[in-house]
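A.B. asks: Attaching a predicted model along with its sequence, questions to come.
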Amino acid sequence: MRRYVSLTLLLVCSLLMSVASASTLIENVRGYTLNEKGELVQFKRILLNRGKVISLDPTSVPNKAEVIDGRNAVMLPGLIDAHGHLLGLGGNLLEVDLRDSKTMSQAAKWVADYALAHMDQDWIKGRGWNQELWSDRSFPTAKALDKVIAQKPVWLSRVDGHAAWVNTKALQLAGITRDTQDPVGGQILRDSQGNPTGVLIDNAMDLVAAVMPTESTRQYQAQLNAAGEHLLSVGITAMHDAGVSHHVYDFYLARAAAQTLPVRIYAMLSATDPQLDEMLDTGIIRSADDFLSIRSVKAYGDGALGSRGAALLKPYSDSPHQHGLLLTQPDDFPKIFQKVLGAGFQLNFHAIGDKANRMVLDEFEKTFASVGGQSLRNRIEHAQVINVNDLPRFAKLNVLPSMQPTHATSDMNMAEARIGKARMAGAYAWKTLIDSGIPMPLGSDFPVELANPFYGLHAAVTRQDRNNQPLKGWYPEQALTVKQAFKGFTLDAAYAAHMEDALGTLTPGKWADFILVDQDIFTVTPQDIWKTKVMQTWLAGEKVFDANSQN
């Protein structure tokens with residue numbers, strides 16, 4: 001029988017000491033939540049005790065209850081991001097951010113400015129460049145970085161995390177030359193003479209990553225603090241961390257034991273970690289305060305569409321010689337599926353292209369027949385481009401499509417060029433998948449996209465960017481209703497983490513995780529949903545963010 005491990009320092013008595021024992025009534029709110037059937041419920045008052053919801057619109061209130069005036073604010077359950085990278089977000093907040101760069105030279109200048117202000121750093125790191133937003137749409141080069149910083153190695157992740165831009169110093173430290181072979185599942189971009197240009201795709205990134213200094217516990221803590229503070233400020237109280245190493249696993253266990261995790265974490269173990277077997281053998285982890293849960297594994301099917309790494313059944317429409325990359329080779333699929341599902345862990349497989357999605361669905365079907373595990377709520381992460389014949393298979397196999405709405409509005413400037421109009425029939429097909437009867441957890445994939453969940457709600461409902469373009473929405477027939485999108489960021493996300501018994505709704509018995517916001521997302525013009533501001537965030541009945549107290 002699968003063992004459940006409860007962190008010994010998170011005893012119930014310790015938990016009860018950390019939350020107020022007296023009841024709290026918050027009144028004068030415009031509250032919304034889903035019930036267990038997924039029906040939308042409205043309320044005006046909420047009664048809390050010991051960090052949990054006691055009742056909505058209570059008919060009686062304890063005499064000594066603390067009464068708080070909600071000042072007619074809109075109350076929602078704390079939002080759950082079903083796919084993000086917590087320490088990656090923290091690192092992004094602490095490193096050079098290239099997301100808004102307009103040209104390669106501008107990005108290089110920002111890197112140089114950052115390096116000048118951080119002369120104590122041995123490596124200069126950053127993230128966010130996207131050549132598709134630059135005027136010439138060409139991949140960047142090491143030479144551009146060499147002009148502004150040549151003596152220190154530079155590592156800059158593409159916005160999707162599936163490519164890295166490095167300078168010559170970094171290439172030299174990694175021993176990458178014109179004679180270096182492309183690794184399986186990766187590509188070293190080269191010039192006409194065969195020399196590395198400075199961009200590494202997918203598994204080729206590992207060549208440089210192998211010579212970079214490993215991060216310390218102190219760095220992890222700084223990243224955790226920065227990410228947690230940011231997430232709480234935008235209304236995210238729980239997140240699914242998509243792929244953690246053994247080092248991060250140990251770090252999270254220590255932080256959970258010390259009760260210092262800033263948000264609730266559902267951690268997916270990285271399938272490529274050398275110590276995966278050891279972590280699986282430890283068993284399922286769920287802390288007594290529900291701040292840490294570990295019962296899933298993240299595996300990697302292909303790359304991303306923007307870097308042409310997504311694996312396609314037919315060639316790219318804008319590059320007929322390319323089919324994308326498989327980060328996990330077909331011969332390795334059975335071993336991963338059987339190991340993870342056989343251990344009783346949920347398997348969450350990254351798949352963006354239609355080939356990768358089909359391969360993952362095929363392997364789930366085979367493994368369910370031989371090993372079982374269909375009830376584990378397995379997931380395909382991203383599920384962006386799907387052959388129309390494969391769309392009904394998600395519901396049939398009970399494989400959850402874990403989607404990120406802002407990916408569609410970020411990709412709309414290049415997706416149709418990459419795959420052609422015909423394949424768009426199965427791309428970013430949110431409504432088709434929901435109509436098939438399968439829950440759809442929603443997230444952002446931060447820091448690939450911005451973490452603000454109201455950006456995701458807006459994109460899901462309007463299929464527009466935050467300039468409200470295109471006017472009628474991008475393939476608007478796949479848009480969701482506000483209720484469907486809200487469910488994706490609450491109840492469906494909790495269900496996808498086996499946590500719907502404790503999270504996802506403000507119903508009696510669940511944790512009192514909620515936010516107060518400045519506008520009603522159910523009545524405001526859909527194009528304005530992204531403008532929603534979080535005024536307060538509460539976790540387990542305690543206020544952990546207040547916009548009025550921020551500088």
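C.D. replies: All right, it came through fine. All values reported here derive from a predicted model rather than from experimental measurement.
A.B. asks: Just the strands from the stretch 451-551 of the chain, written as ranges.
C.D. replies: Taking DSSP state E, counting those that start in this stretch as the test, the strands found in the stretch 451-551 of the chain are 514-517, 534-539, 542-546.
A.B. asks: Would you tell me which of these gets closest to R264?
C.D. replies: Nearest of the strands of the stretch 451-551 of the chain to R264, taken as C-beta to C-beta: strand 534-539 at 7.7 Å. Yep, even glycine has a C-beta here, placed from its N, CA and C like the rest.
A.B. asks: For that closest one, what is the distance to the chain centroid?
C.D. replies: Centroid separation between strand 534-539 and its chain, computed with C-alpha atoms, centre = their mean, to the nearest Å, is 20 Å.
A.B. asks: contact partners of that strand?
C.D. replies: Contacts to strand 534-539, defined as C-beta atoms under 8 Å, 6 or more residues apart in numbering, come from residues 73, 78, 232-235, 237, 263-264, 511-518, 543-548.
A.B. asks: Weed out the non-buried ones from those residues.
C.D. replies: Burial by neighbour count, judged by 16 or more other C-beta atoms under 10 Å, picks out 73, 78, 232-235, 237, 263-264, 511-517, 544-545 from the contacts of strand 534-539.
A.B. asks: the helices in the stretch 201-350 of the chain, which residues?
C.D. replies: When assigned using DSSP state H, counting those that start in this stretch, the helices of the stretch 201-350 of the chain occupy the ranges 205-209, 217-233, 246-257, 276-282, 333-342.
A.B. asks: Looking at the fourth one now, give me its mean pLDDT.
C.D. replies: Translated: helix 276-282. Mean pLDDT, helix 276-282: 98.
A.B. asks: From the contact counts, what lies against that helix?
C.D. replies: Contact analysis of helix 276-282 by 3 or more C-beta pairs under 8 Å, 6 or more residues apart in numbering; DSSP states H and E lists helix 246-257, strand 264-270, strand 292-300, helix 333-342 as its packing neighbours.
A.B. asks: Need the residues that contact that helix.
C.D. replies: V5, H246, Y249, L269, S270, D273, I294, V297, K339, V340, A343, F345.
A.B. asks: Just the element for I54, please.
C.D. replies: Per DSSP states H and E, I54 falls inside strand 52-56.
A.B. asks: follow-up on the earlier one: I'd like the helices and strands packed on helix 276-282 as CSV, with distance to H382 appended.
C.D. replies: Below are those laid out as CSV (distance: least, C-beta to C-beta, whole Å):
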stretch, distance to H382
helix 246-257, 21
strand 264-270, 13
strand 292-300, 11
helix 333-342, 17
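A.B. asks: To V67, which of these lies closest?
C.D. replies: Smallest distance to V67 across the helices and strands packed on helix 276-282 (C-beta to C-beta): 27.2 Å, for strand 264-270.
A.B. asks: Based on its surroundings, how many neighbours for P508?
C.D. replies: 13 (other C-beta atoms under 10 Å).
A.B. asks: Got phi/psi on it?
C.D. replies: Backbone torsions for P508, taken as degrees, to the nearest 10, come to phi -50, psi 130.
A.B. asks: re earlier: quick one, the following helix or strand past the strand holding I54 and strand 534-539 angle?
C.D. replies: Where DSSP H and E defines the elements, the next helix or strand beyond strand 52-56 is strand 66-77. Direction vectors for strand 66-77 and strand 534-539, defined by axes from the mean of the first three to the mean of the last three C-alpha atoms, to 10 degrees, enclose an angle of 100 degrees.
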